[in-house]
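Asks: 3D, please:
(2 chains)
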2 protein chains.
Amino acid sequence: MMGVHLGSVVMKLRTTMDPDQASIDSITLFVALLSACILIGHLLERIRWMNESITALAIGLCTGTIILLTTEGKSSHIFMFDEELFFIYLLPPIIFNAGFQVKKKQFFRNFSTIMLFGAFGTLISFGIISLGSAQLFKKLDIGFLETVDFLALGAIFSATDSVCTLQVLNQDETPLLYSLVFGEGVVNDATSVVLFNAIQRFDLSHITSSIAMKLLGDFLYLFTTSTLLGVAVGLLSAYIIKKLYFGSHSTDREVGLMILMAYLSYMMAELFNLSGILTVFFCGIVMSHYTWHNVTESSRVTTRHSFATMSFISETFIFLYVGMDALDIEKWKLVSKSPGTSVGVSSILLVLVLVGRAASILTLSFLSNLAKRLQSEKIGFSQQVTIWWAGLMRGAVSMALAYNQFTRSGHTQLRGNAIMITSTITIVLFSNVVFGLMTKPLIRLLLAPQKHLGSIISSDEKSFILPLLANEQDSEPDPGDGNIPHSTSLHMRLTKPDKTVHSYWRKFDDSVMRPVFGGRGFTPYVPASPREMFVH
Amino acid sequence: MMGVHLGSVVMKLRTTMDPDQASIDSITLFVALLSACILIGHLLERIRWMNESITALAIGLCTGTIILLTTEGKSSHIFMFDEELFFIYLLPPIIFNAGFQVKKKQFFRNFSTIMLFGAFGTLISFGIISLGSAQLFKKLDIGFLETVDFLALGAIFSATDSVCTLQVLNQDETPLLYSLVFGEGVVNDATSVVLFNAIQRFDLSHITSSIAMKLLGDFLYLFTTSTLLGVAVGLLSAYIIKKLYFGSHSTDREVGLMILMAYLSYMMAELFNLSGILTVFFCGIVMSHYTWHNVTESSRVTTRHSFATMSFISETFIFLYVGMDALDIEKWKLVSKSPGTSVGVSSILLVLVLVGRAASILTLSFLSNLAKRLQSEKIGFSQQVTIWWAGLMRGAVSMALAYNQFTRSGHTQLRGNAIMITSTITIVLFSNVVFGLMTKPLIRLLLAPQKHLGSIISSDEKSFILPLLANEQDSEPDPGDGNIPHSTSLHMRLTKPDKTVHSYWRKFDDSVMRPVFGGRGFTPYVPASPREMFVH
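Replies: Have a look, this model is predicted:
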């Protein structure tokens, strides 16, 4: 879907110099910078305020400055920002890995809350930012903007980037919070992209109730079909590997087939104009639940780490790129004639982002808490603040959507469009650097007065070192469940519907799904993960 | 080097339809076909004649036919053949993996023979094909061809593709033969590309002895600097991971850094106009000797298999592509006016390939055998035939070089150029399908009258399943050495110089290199590979 709509702006790795030597130059420089990001990110890891996104952004900014100086102000980046590169090559591994590594039990237990935050929360943010910008921008002297532009702004700035916060949160110490922030991030990505595409497809200059219903129906259709496609491809991969490879396992082919089929699910969703993000996310979940158990031990180790590595490199790539692109001089020239307006627009949007998210999180947490009886399941105020904070950063999805909306008619030549692009860059940089730097201390303050202090500081190391064995947790009782009585009374069913649904699912899974598609317990049992035995 | 020279023909994933939807269509189809290749290749594995290259070629041909029929004869491929895609993205993982997985002891022990076959053998083939085509083509009515075109033909058809044979040979049963065929393949790739580039750089219309000396000097310079660059980057990666990651290993970062630095070595070589193939091959060797031992156990499993998977996918991609491109109607239209000429050219070239390789292998084996005293070290006649056969297939390197040489001035519009392209396609298809299908039975016949029969048939399965633990073999005595007395007498030094050099190297490695760069014995000892323990 995105590729089709967004791809309309064709900016394919256009280099600024001679096409041949230049592309080798660019790739070499970019690969060198990526390596540097990993190295420097590792060296700075012990510093309290830093995280890898900020490191990559900073390296990107520095490189941009150097290129700007050496080319005497002509350009600051190596590649043009390329939506196709982003949506077709960089985003799928990140989202797939998210689905593959997520702790499924936590995710599905909190499914209703995650959907509430991810879908409705994004809609609330979208409404507030769209309406707010439409009202407030009138006073500023910016070029002509249509209704569709304001709606697009709402979608652009509803797309959160919670990578930064997830690096700091600890999946084992605050499982509820982690799964909420994580799950919301994925659903939010999908929602904002679906919203953005819906805005461009319909004539929204005068919204009627029938169009609103159409939009809602469209959203539900997309959500359902995308999910089903992802699940179908995931199950197909499990079935193929279980049936065909039985008795003659080959790690390279298994890994290759898993990568290719995961990517195929994304591309098929794009082909059928569905949401590739949702599809590949659910494909990842199904693959980790079934397929992963049908392959050899070395395939398991390889897939777990190579998917994480691909996602890690893609993320670093994006942040590095955003840092470099921020200094692109062409856009700033147009804006520099009226610096006040630009600052005004950025400030208004930033305030709207803060307010919009606060409104959605506080309201929805209140609603969510109403439905829960047990105090331990309610979302406390400090947790609400953490969730709010986690979604304040804006990242590559916002950038890609903004480029798509505001560079379509030519090349940011319109003043209004140029201001929107530079404001997006400003907000992405500001939110990542300023909010990002405050994340570690803030979360330390909010979540761990005494006991979690040490472990939270080192949690970003752990997030790489600890095995994210989503799969191994599946049939083990969660440590956090100890104090909740397991009963199947009517009362429990009413107050904890997720849990009961979960137990039905478990029965169905054990009796129908696993015998067909494999999975834990239906493939030769492996006593321990090799990393647990051999890690030094 | 290649990227610069070859990249001059810019054919960047140009699609034949609407640029946006088309690129999603193409990628989806291609990914689906790749998955199909893995699946069908696995299903056909038990059939005596098949191998995965032929499967991919066949699927490519079928898809090409279907596309040709559905587009009513307009086009048969999804992508244009793209040298940048080939040389910048597909080739590096294949060559790097070759270096990473090679059994280093065997490789270095036979280093002189490998260099003899790879460098001089390629030169002999080059000479025979160039001279032969220049003489024989005179009688045929093809368009005007310059001296440089005949020389280019020599280089194009000296580039062998031994993947097919390596799938059939067994590294454990015939270690000498495997290392010769394998090593020759790599050196041959490098030599033919270096030759091809040298031809284009110099004015070779009249070759003088000074130009010949210059060419030789150029070749030696390229060979040395490329090797040194690869070794340097490999050692740097070992040093960085040993020093910086000590005590806080993170698998994702280690794997990421290894992939990025390996790719960086290739791109740097291209940037400095060196041979990226040689650089990344030696980078792979150094990484498997030092870096691989400095990382965690899960990183080791992950790198070993993910590099192999990347290489496997790239190879399948190339064969699939070549199959699809073969039916490109445009080229055949020009040629179809004179089918006789086209068949004549293809036949002549095919005969020259057969003769050229026979001449070089038989001569050089004779020379190599003269230098060896022990009967067991000499290359027997059936082994010579196997080596000869292994290098008869022509693959993607030939295709890429041919496209570069004969599509430069426009679009194969000249008749001579069109004939050269179609002849290359014919030879690649013919040699892979006909010779490829005969490889398994032939090698069975030549090498294993009784005892090896069973194991050779299943060797292509084994090549994936057996751990290619090049690294673990290093300090263990090779099982094949048992009957050769270990003595350091002068006689031994004269007759077995490789071996003595090897023992000096071992001392140097243990006392200087490993303490600095890590490696086996200088990192915590891991009792067993997890795949050996857990594989079912």
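
Asks: hey, let's count contacts and neighbours off CA atoms from now on
Replies: Fine.

Asks: Next up, identify which helix or strand residue A:241 is on.
Replies: helix A:209-244 (DSSP states H and E).

Asks: and the next element down the chain from that helix?
Replies: That would be, after helix A:209-244 and using DSSP H and E, helix A:251-271.

Asks: the inter-axis angle of that next one versus helix A:209-244?
Replies: 160 degrees (axes from the mean of the first three to the mean of the last three CA atoms, to 10 degrees).

Asks: The helix or strand just after helix A:251-271 packs against which elements?
Replies: Counting by DSSP H and E, the element after helix A:251-271 in chain order, helix or strand, is helix A:276-286. The contact analysis (3 or more CA pairs under 8 Å, 6 or more residues apart in numbering or on different chains; DSSP states H and E) places helix A:276-286 against helix A:91-101, helix A:175-201, helix A:209-244, helix A:251-271.

Asks: Out of these, the one nearest residue A:286 is which?
Replies: Nearest of the helices and strands packed on helix A:276-286 to residue A:286, taken as CA to CA: helix A:209-244 at 5.2 Å.

Asks: related to what we said a few turns ago, let me have the helices and strands packed on helix A:276-286 in a markdown table, extended by distance to residue A:45 and mean pLDDT.
Replies: A markdown table is the format used below for the helices and strands packed on helix A:276-286 (distance: least, CA to CA, whole Å; pLDDT from 0 to 100):
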| stretch | distance to residue A:45 | mean pLDDT |
| --- | --- | --- |
| helix A:91-101 | 21 | 87 |
| helix A:175-201 | 21 | 81 |
| helix A:209-244 | 36 | 86 |
| helix A:251-271 | 30 | 92 |
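
Asks: any chance of these in CSV, plus mean neighbour count and distance to chain B?
Replies: Shown next, in CSV, are the helices and strands packed on helix A:276-286 (neighbours: other CA atoms under 10 Å in any protein chain shown; distance: least, CA to the nearest CA, whole Å):
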stretch, mean neighbour count, distance to chain B
helix A:91-101, 25, 12
helix A:175-201, 22, 15
helix A:209-244, 18, 8
helix A:251-271, 25, 5
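
Asks: Nearest to chain B: which residue in the stretch 51-200 of chain A?
Replies: residue A:88 (8.4 Å; CA to the nearest CA).

Asks: how close does that residue get to residue B:335?
Replies: 38 Å (CA to CA, to the nearest Å).

Asks: try residue A:51
Replies: 60 Å.

Asks: what does stretch A:210-230 contact?
Replies: A:194-195, A:198, A:265-266, A:269, A:274-276, A:278-284 (CA atoms under 8 Å, 6 or more residues apart in numbering or on different chains).

Asks: Repeat that for stretch A:107-124.
Replies: Counting by CA under 8 Å, 6+ apart, A:158-159, A:176, A:179-180, A:183-188, A:191-192, A:356-357, A:359-361, A:364, A:368, A:498-499, A:502 sit against stretch A:107-124.

Asks: tell me the mean pLDDT over that stretch?
Replies: Average pLDDT, stretch A:107-124: 87.

Asks: Determine how far the last residue of that stretch lies from the first.
Replies: Stretch A:107-124 end-to-end distance (CA to CA) = 22 Å.

Asks: what about that stretch, distance to the chain center?
Replies: For stretch A:107-124, the separation from the chain centroid amounts to 14 Å (computed by CA atoms, centre = their mean, to the nearest Å).

Asks: go on, stretch A:40-58?
Replies: The answer for stretch A:40-58 is 20 Å, by CA atoms, centre = their mean.

Asks: what comes up buried for that stretch?
Replies: A:41-42, A:45, A:50-58 (16 or more other CA atoms under 10 Å in any protein chain shown).

Asks: Toward the C-terminus from the host helix or strand of residue A:508, list the very next helix or strand.
Replies: Secondary structure from DSSP H and E places residue A:508 in helix A:497-508. Going down the chain from helix A:497-508, the next helix or strand is helix A:514-517, by DSSP H and E.

Asks: Just name whatever secondary elements that next one is in contact with.
Replies: Using 3+ CA pairs under 8 Å, 6+ apart: helix A:514-517 touches helix A:209-244.

Asks: between the helix it packs on and helix A:175-201, how many degrees?
Replies: 120 degrees.

Asks: Now do helix A:209-244 and helix A:276-286, the angle between them.
Replies: Using the same axes, to 10 degrees: helix A:209-244 against helix A:276-286 is 40 degrees.
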